[in-house]
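Undergrad: Build me a model from this:
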Amino acid sequence: MTSETFNTIFLGCKDRAMRFAWSITGNRQDAEDIVQDVYEKLWRRRLLIRDTGLPSLIMTSVRNAAIDRTRRLKPMPLEGSQESSAQNPDTALLDQLYRAISLLPEAQRNAVTLHDIEGMEIDEIAALTGVSTASVRMALSRGRNTLRNKLTKIINYGVEEQK
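TA: Predicted coordinates for the structure are as follows:
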């Protein structure tokens, strides 16, 4: 693969990979570091990579690196200060949504993030995560139901139920 082709494909996937890493780690700086590390590792091996498989390889590598980092490090809270949330109700709801997504089990979090936020197809998610399409559909359904229930409670009552 040529350098130009590699850079074009990687730049096309960079934002998606960044958001995916952020959804796993809950920290923007860690997500940026992960995407940069993946770029560096794949750059060294670019001559061995086929053009058609690079987007999936990028997302899989980012997923694995993010999981490794979260297992190694203590989980960090999601970004967003309390004062900015208090000033803007939309920001507060968005913070609650991201917090609720981060509390989902891994399979559900990945399915919801990749399908509903990133717009990936279920077949792509199944290939990326290494599970069947039925498992992805089930995780997506369960994740959406959990988020719907949690956000309905927040919107209706103004407080989140504590575990």
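Undergrad: quick check: domain ranges of the chain?
TA: As given by automatic domain parsing, the domain ranges for the chain are 3-72, 86-157.
Undergrad: Just put the ones you listed in TSV and tack on mean pLDDT.
TA: What follows is the domains of the chain, written out as TSV (pLDDT from 0 to 100):
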stretch	mean pLDDT
domain 3-72	87
domain 86-157	84
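Undergrad: Same list, the ones you listed, but as TSV with mean neighbour count please.
TA: The C-beta positions use only the backbone N, C-alpha and C, and glycine is treated the same way. Compiled in TSV, these are given as follows (neighbours: other CB atoms under 10 Å):
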stretch	mean neighbour count
domain 3-72	17
domain 86-157	16
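Undergrad: helices or strands next to the host helix or strand of residue 152 in the packing?
TA: Per DSSP states H and E: residue 152 is located in helix 133-157. Here helix 133-157 touches helix 89-102, helix 106-112, helix 122-129, going by 3 or more CB pairs under 8 Å, 6 or more residues apart in numbering; DSSP states H and E.
Undergrad: can you put the ones you listed in JSON lines and add distance to residue 44?
TA: Listed next are those as JSON lines, based on distance: least, CB to CB, whole Å:
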{"stretch": "helix 89-102", "distance to residue 44": "32"}
{"stretch": "helix 106-112", "distance to residue 44": "27"}
{"stretch": "helix 122-129", "distance to residue 44": "22"}
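Undergrad: out of those, which comes closest to residue 10?
TA: Closest approach to residue 10 among these (CB to CB): helix 122-129, 16.1 Å.
Undergrad: Provide the angle between the direction of the closest one and the direction of helix 133-157.
TA: Here helix 122-129 points in a direction 100 degrees away from that of helix 133-157 (axes from the mean of the first three to the mean of the last three CA atoms, to 10 degrees).
Undergrad: Pull the helix or strand harbouring residue 68 out as PDB, backbone CA atoms only.
TA: Applying DSSP H and E as the criterion places residue 68 in helix 54-72. Once non-C-alpha atoms are left out, helix 54-72 reads as follows in PDB (Å, rounded to 0.1, in the frame of the first residue of the first chain):
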ATOM      1  CA  LEU A  54      -7.700  -1.100   6.400                       C
ATOM      2  CA  PRO A  55     -10.800   0.500   7.900                       C
ATOM      3  CA  SER A  56     -11.800  -2.700   9.700                       C
ATOM      4  CA  LEU A  57      -8.200  -3.100  10.900                       C
ATOM      5  CA  ILE A  58      -8.100   0.400  12.200                       C
ATOM      6  CA  MET A  59     -11.300   0.100  14.200                       C
ATOM      7  CA  THR A  60     -10.300  -3.300  15.600                       C
ATOM      8  CA  SER A  61      -6.900  -2.100  16.600                       C
ATOM      9  CA  VAL A  62      -8.400   1.000  18.300                       C
ATOM     10  CA  ARG A  63     -10.900  -1.200  20.100                       C
ATOM     11  CA  ASN A  64      -8.200  -3.600  21.400                       C
ATOM     12  CA  ALA A  65      -5.900  -0.700  22.400                       C
ATOM     13  CA  ALA A  66      -8.700   1.100  24.200                       C
ATOM     14  CA  ILE A  67      -9.700  -2.000  26.100                       C
ATOM     15  CA  ASP A  68      -6.100  -2.700  27.000                       C
ATOM     16  CA  ARG A  69      -5.700   0.800  28.300                       C
ATOM     17  CA  THR A  70      -8.800   0.700  30.400                       C
ATOM     18  CA  ARG A  71      -7.800  -2.600  31.900                       C
ATOM     19  CA  ARG A  72      -4.400  -1.200  32.700                       C
END
